[in-house]
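Trainee: give me the fold of what follows.
(one chain, ligands or ions: 1)
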Amino acid sequence: MRYQGLIERYRDRLPVDDTTPVVSLCEGDTPLIELHNLTGELAAETGGDPVRIFVKYEGLNPTGSFKDRGMTMAVSKAAEKGAKAIVCASTGNTSAAAAAYAARAGMTAFVLIPEGKIPMGKLAQAIAHGAVVLQIRGNFDDGMRLVKEVAGEAPVEIVNSINPYRLQGQKTGAFEIIEALGDAPDYHCIPVGNAGNISGYWIGYSEMAGCNTASCTLCNGECPYLEQPKTRKRPVMVGYQAAGAAPFMRGAPVEAPETLATAIRIGNPQSWDLARAAIEESGGWFDEVTDDELLATQSLLATREGVFCEPASAVSLCGAVRDIRAGRIPGGSTITCTLTGHGLKDTATAIAGRETVETVDADLASVKAAIVGRL
Ligand code: F0G
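Mentor: Numbers count the residues shown, from 1 in each chain. Below you'll find the predicted structure:
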């Protein structure tokens with residue numbers, strides 16, 4: 001049957017019923033791509049057992065980021081309640097997703113974005129889908145505070161990840177990984193900003209591990225996955241932040257977060273407790289990477305593996321590679337990295353400082369010289 005989005009796919013595992021109007025753009029079902037080139041080099045370098053690294057390419061969702069998984073749920077549930085308008089604060093991707101799903105649902109989306117700090121691709125999406133874009137003189141954390149305040153004063157549904165339906169949608173990323181690999185990975189590496197996604201993945205992995213066990217309170221013995229390989233395994237969760245916006249590393253909110261990875265330029269993550277619990281229960285850790293490191297990884301992925309993700313997304317692989325080199329992630333491990341958004345979201349950062357476009361005369365001699373000179 002035609003794929004119809006993650007609510008239809010995982011209906012039995014999501015808080016929806018026959019009366020829920022499903023607002024979907026056929027999100028989810030994204031590829032899990034194995035990185036052959038980079039892992040080959042890593043094995044040669046470390047000399048140990050090779051690792052397997054898979055990237056969950058969430059940039060291939062309808063609006064180009066993982067936010068669509070949560071947004072189909074949040075907007076469907078808002079529609080079920082009869083909401084006419086939704087609101088969110090965003091570093092760009094949530095606003096793009098909110099705008100698109102609101103358009104589909106016939107609702108108005110109000111999006112609060114930090115002035116001058118979201119890339120043009122994401123801004124274009126919010127505008128193109130007809131959202132009301134409010135650029136605030138402040139950062140994401142200010143926007144988040146304002147959204148919570150205004151939702152008490154006006155009939156608007158918050159669709160940030162403090163809305164629990166968002167995490168319910170986002171947990172399906174873990175379901176898809178387990179289905180693709182036949183089991184949970186050993187390590188799951190993920191960028192952390194507002195900390196919703198790491199929390200959603202942990203819910204997803206935990207639900208699958210509880211599957212078919214006495215502790216599973218979700219399916220009441222009606223588990224839709226009984227025919228598939230079962231697992232008690234949950235991965236070690238590893239959350240990476242940008243060094244200038246790393247409140248989990250500081251152990252407290254960061255006042256003025258700064259990073260070129262604008263998607264995760266966040267100092268006061270809303271899902272703090274859930275994210276901490278995921279790390280502690282799984283025996284994982286948080287770490288941070290610098291802007292230079294994350295940009296280098298973004299470029300490496302694009303040039304060596306053909307996968308173009310945005311800067312914030314590269315943080316997961318960037319940290320993973322460093323921890324593999326350091327032996328913290330041991331040889332022989334299977335590792336999944338969520339690549340949260342598409343590289344086309346922020347082309348300016350991707351090409352900054354790279355003078356790789358050459359202008360030549362429109363004649364055969366010039367073009368041939370340019371090619372032959374590089375072979
Ligand atoms: N990667 C990208 C590309 C993001 O857009 C975000 C968050 C994250 C990682 C971090 O995920 O917040 O669940 O820990 N973007 C939000 C937004 C804040 O407004 O688009 P998180």
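
Trainee: which parts of the stretch 251-375 of the chain sit against the ligand?
Mentor: 263, 264, 310, 312, 313, 340, 341 (C-beta under 6 Å from any ligand atom). The way it works is simple: take the backbone N, C-alpha and C, and place the C-beta from them, glycine included.

Trainee: the last one contacts residue 309, correct?
Mentor: Yes. In terms of C-beta atoms under 8 Å, residue 341 counts as a neighbour of residue 309; the distance is 6.5 Å.

Trainee: joint contacts of the two?
Mentor: Both residue 341 and residue 309 are in contact with residue 59, where contact means C-beta atoms under 8 Å, 6 or more residues apart in numbering.

Trainee: what's the helix or strand for residue 54?
Mentor: Per DSSP states H and E: residue 54 is located in strand 52-57.

Trainee: CA atoms only: put that strand into PDB for me.
Mentor: Taking C-alpha atoms only, strand 52-57 is exported to PDB below (Å, rounded to 0.1, in the frame of the first residue of the first chain):
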ATOM      1  CA  ARG A  52      29.600   0.500  11.300                       C
ATOM      2  CA  ILE A  53      28.200   4.000  11.000                       C
ATOM      3  CA  PHE A  54      24.700   4.600   9.700                       C
ATOM      4  CA  VAL A  55      23.200   8.100   9.200                       C
ATOM      5  CA  LYS A  56      19.500   8.600   9.600                       C
ATOM      6  CA  TYR A  57      19.000  11.200   6.900                       C
END
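
Trainee: going on from that strand, what's the next piece of helix or strand?
Mentor: From strand 52-57 onward toward the C-terminus, using DSSP H and E, the following helix or strand is helix 67-81.

Trainee: how about that following helix: buried residues?
Mentor: 67-80 (16 or more other C-beta atoms under 10 Å).

Trainee: over to stretch 317-326?
Mentor: Using 16+ other C-beta under 10 Å as the burial criterion, the residues of stretch 317-326 that qualify are 317, 318, 319, 320, 321, 322, 323, 324.

Trainee: give the contact list for the nearest residue to residue 20 once chain neighbours are set aside.
Mentor: Spatial nearest neighbour of residue 20, excluding adjacent residues (C-beta to C-beta, 6 or more residues apart in numbering): residue 80 at 4.9 Å. Contacts of residue 80 were listed using C-beta under 8 Å, 6+ apart, and they are 19, 20, 21.

Trainee: which of those are buried?
Mentor: With burial judged by 16+ other C-beta under 10 Å, the buried subset of these is residue 20.

Trainee: switch the contacts of residue 80 over to JSON lines; also include pLDDT.
Mentor: As requested, these are exported to JSON lines (pLDDT from 0 to 100):
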{"residue": "19", "pLDDT": "97"}
{"residue": "20", "pLDDT": "98"}
{"residue": "21", "pLDDT": "98"}
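
Trainee: now flag whichever of the contacts of residue 80 is closest to residue 179.
Mentor: Comparing those against residue 179 with C-beta to C-beta places residue 20 closest, at 23.4 Å.

Trainee: what's downstream of the lowest-mean-pLDDT helix or strand in the chain, the next helix or strand?
Mentor: None of the helices or strands of the chain scores lower by mean pLDDT, DSSP states H and E than helix 196-210, at a mean of 90. Using DSSP H and E, the helix or strand that follows helix 196-210 towards the C-terminus is strand 236-242.

Trainee: list of residues touching the helix or strand following that following strand?
Mentor: Next along the chain after strand 236-242, taking DSSP H and E as the criterion, comes helix 247-250. Applying C-beta under 8 Å, 6+ apart, the contact partners of helix 247-250 are 192, 195, 239, 241, 253-254, 257, 266-269, 272, 275-276, 286-288.

Trainee: quick check on those: which are buried?
Mentor: Among the contacts of helix 247-250, the ones that count as buried by 16+ other C-beta under 10 Å are 192, 195, 239, 241, 254, 257, 266-269, 272, 275-276, 286-288.

Trainee: quick check: the farthest pair among those?
Mentor: Farthest pair in these, by C-beta to C-beta: 268 and 287, 19.3 Å.

Trainee: the buried residues of helix 67-81 also near the ligand: which ones?
Mentor: residue 67.

Trainee: ok, the buried residues of helix 67-81 vs the ligand, which is closest?
Mentor: Of all the buried residues of helix 67-81, residue 67 has the smallest distance to the ligand: 5.8 Å, by C-beta to the nearest ligand atom.

Trainee: can you tell me the closest non-neighbouring residue to that closest one?
Mentor: In space, and not counting its chain neighbours, residue 67 is closest to residue 97: 3.8 Å by C-beta to C-beta, 6+ apart.

Trainee: pretty sure the one you found contacts residue 74?
Mentor: No. Look at residue 97 against residue 74 with C-beta under 8 Å: they stay out of range, at 9.1 Å.

Trainee: quick revisit: gap between the residue nearest to residue 20 and residue 275?
Mentor: The gap separating residue 80 from residue 275 is 28 Å, by C-beta to C-beta, to the nearest Å.

Trainee: with residue 263 instead?
Mentor: For residue 263, the distance to residue 275 - C-beta to C-beta - is 16 Å.

Trainee: residue 74 now?
Mentor: In terms of C-beta to C-beta, residue 74 sits 19 Å off from residue 275.

Trainee: over to residue 197?
Mentor: Using C-beta to C-beta, one obtains 9 Å as the distance from residue 197 to residue 275.

Trainee: what about residue 245, neighbour count?
Mentor: Residue 245 is flanked by 26 other residues according to other C-beta atoms under 10 Å.
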